[in-house]
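>>> Kindly return the folded structure for what I paste below:
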Amino acid sequence: QVELVESGGGLVQAGGSLRLSCAASGRSLSSSNTGWFRQAPGKEREFVAAIGWSGGSTYYADSVKGRFTISRDNAKNTVYLQMNSLKPEDTAVYYCTFAPQWRVVTTTGGDYWGQGTQVTVSS
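Below you'll find the predicted structure:
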């Protein structure tokens with residue numbers, strides 16, 4: 001049974017920072033590309049950031065480039081999303097996912113998703 005658990009969300013003022021965590025159980029993430037997506041109310045889920053299985057490759061949506069940093073600790077089977085200079089438009093539920101194919105994790109996401117963590121940025 002594969003389970004992804006996101007945590008670290010919360011309420012923060014514009015300009016603030018949060019660090020999200022995605023912990024996996026039932027499967028090692030160390031051989032999978034992992035990504036973060038988000039979904040705001042009334043909007044489609046959208047890609048945010050992805051990291052290759054070794055941590056050597058990263059990719060970001062233009063809307064978060066320069067503000068968000070994705071990283072991983074394979075020893076802890078956890079992927080992180082450091083979010084700085086947060087804006088009200090970053091408000092959404094954030095989800096993590098993984099997939100063997102880089103194209104999948106950077107577009108639609110894989111077959112497994114966590115329950116999400118709410119990020120709310122006040123102006």
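>>> any chance you could map the helices in the protein?
For the chain, the helices defined by DSSP state H cover 102-105.
>>> Now do the strands in it.
3-7, 10-13, 18-25, 33-39, 46-51, 58-60, 68-73, 78-83, 92-99, 112-113, 117-122 (DSSP state E).
>>> give me every residue that touches the spatially most central residue of the chain.
With distances taken as Cα atoms, centre = their mean, the residue of the chain nearest its centroid is W36 (2.5 Å). Residues in contact with W36 (Cβ atoms under 8 Å, 6 or more residues apart in numbering) are L20, C22, V48, A49, A50, I70, V79, L81, Y94, Y95, C96. (C-beta placed from N, C-alpha, C; glycine too.)
>>> Any idea how many residues pack against the last one?
Yep, that's C96 we're talking about. Neighbours of C96 under the rule other Cβ atoms under 10 Å: 32.
>>> Kindly state the beta-bridge partners for it.
W36 (DSSP bridges).
>>> For it, give me its contacts.
L4, E6, L20, C22, T34, G35, W36, F37, V79, W113, G114.
>>> So, low pLDDT: which residues of this protein?
By pLDDT under 70, the chain has no low-scoring segment.
>>> nearest spatial neighbour of the residue of the chain most remote from its centre, skipping sequence neighbours?
Centroid-distance maximum for the chain: S123 at 22.4 Å, with Cα atoms, centre = their mean. Spatially, and ignoring its direct neighbours in sequence, S123 is nearest to P88 (4.7 Å; Cβ to Cβ, 6 or more residues apart in numbering).
>>> Number of residues surrounding the closest residue to F68 other than its chain neighbours?
Leaving out its chain neighbours, the residue that sits closest to F68 by Cβ to Cβ, 6+ apart is M83, at 5.1 Å. By other Cβ under 10 Å, 27 other residues sit near M83.
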